[in-house]
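In: Any chance you can model this:
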Amino acid sequence: MRRRSLSAGLVAWLGVAALAVSACGGGNSGGGATVVDTTQLGALGPVLTTSAGRVLYMFPPDAERHVTCTRRCAAVWPPLTAAGHRAPEAGSGVQQSLLGTDPDPAGGAAVVTYDGWPLYTYVHDLKPRQAKGQARFDGGGFWYVIAPSGQPITVGA
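Out: Next up, the predicted model:
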């Protein structure tokens, strides 16, 4: 009897945990692909974002078109990763032909790229449409938002 009670309690707890994760937006809904979108960002113009509106950045030291931001750098500038083994998808204003992936040197999920540039978010952008990392020098180089054309926007925020 006690074993059945523990099993029922565990099942109930797992159900509540799953509901909480889905309500928080953890992961991609329905197991879909990672979507790269655009948003208008004041004087910077249209920039790439996640589907949730988080601004995406590129890092010039990735000039060889490979992820160079790892470990401590990636803790501050987390790379945008591809969901599962699915190719990233273009949202509004994004060119599908410029989307790709690059292996994560740390062995994690593939990193989403745009026109060859690995894409990153910034942990201090606490809400959608923030670009506190724009033109910020960190980790050995400047960080820039990226236009839908694939070109870095190098002016200050």
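
In: where in this protein is pLDDT low?
Out: Along the chain, the model assigns pLDDT under 70 to residues 1-31, 157.

In: swap the cut-off to 50 and go again
Out: The chain contains residues with pLDDT under 50 at 1-30.

In: so what are the domain limits for it?
Out: Domain ranges of the chain: 1-29, 32-153, per automatic domain parsing.

In: Deepest-packed of the ones you listed, please.
Out: domain 32-153 (a mean of 18; mean count of other CB atoms under 10 Å). Where C-beta positions appear, they are placed from N, C-alpha and C, glycine not excepted.

In: For that domain, measure first residue to last.
Out: 29 Å (CA to CA, to the nearest Å).

In: And stretch 83-93, by the same measure?
Out: End residues of stretch 83-93 are separated by 21 Å (CA to CA).

In: Could you check how far the residue positioned nearest the centre of the chain is from Q151?
Out: By CA atoms, centre = their mean, the chain has its centre lying nearest to L80, at 2.8 Å. Taking CB to CB, to the nearest Å as the measure, L80 falls 18 Å from Q151.

In: now the strands for the chain?
Out: 35-40, 46-50, 57-58, 89-90, 99-102, 111-114, 117-118, 136-138, 141-146, 152-153 (DSSP state E).

In: so which of those gets nearest C73?
Out: strand 136-138 (7.8 Å; CB to CB).

In: Run through who's touching stretch 147-157.
Out: 38, 43-48, 58, 60, 93-95, 98, 114-117, 131-132, 134-135, 142, 144-146 (CB atoms under 8 Å, 6 or more residues apart in numbering).

In: let's see it at 7 Å
Out: Counting contacts by CB atoms under 7 Å, 6 or more residues apart in numbering, the residues outside stretch 147-157 that touch it are 38, 44-48, 58, 93-95, 98, 114-115, 131, 134-135, 144-146.

In: same deal with stretch 128-136?
Out: 39, 41, 44, 52-55, 57, 122, 124-125, 142-145, 154, 156-157.

In: go on, stretch 35-44?
Out: Counting by CB under 7 Å, 6+ apart, 46-51, 53, 55, 88-94, 99, 112, 114, 129, 131, 134, 145, 148, 153 sit against stretch 35-44.

In: rerun that using 6 Å as the cut-off
Out: 46-49, 51, 88-89, 91-94, 129, 131, 145, 148, 153 (CB atoms under 6 Å, 6 or more residues apart in numbering).

In: Tell me the spacing between C69 and L44.
Out: 21 Å.
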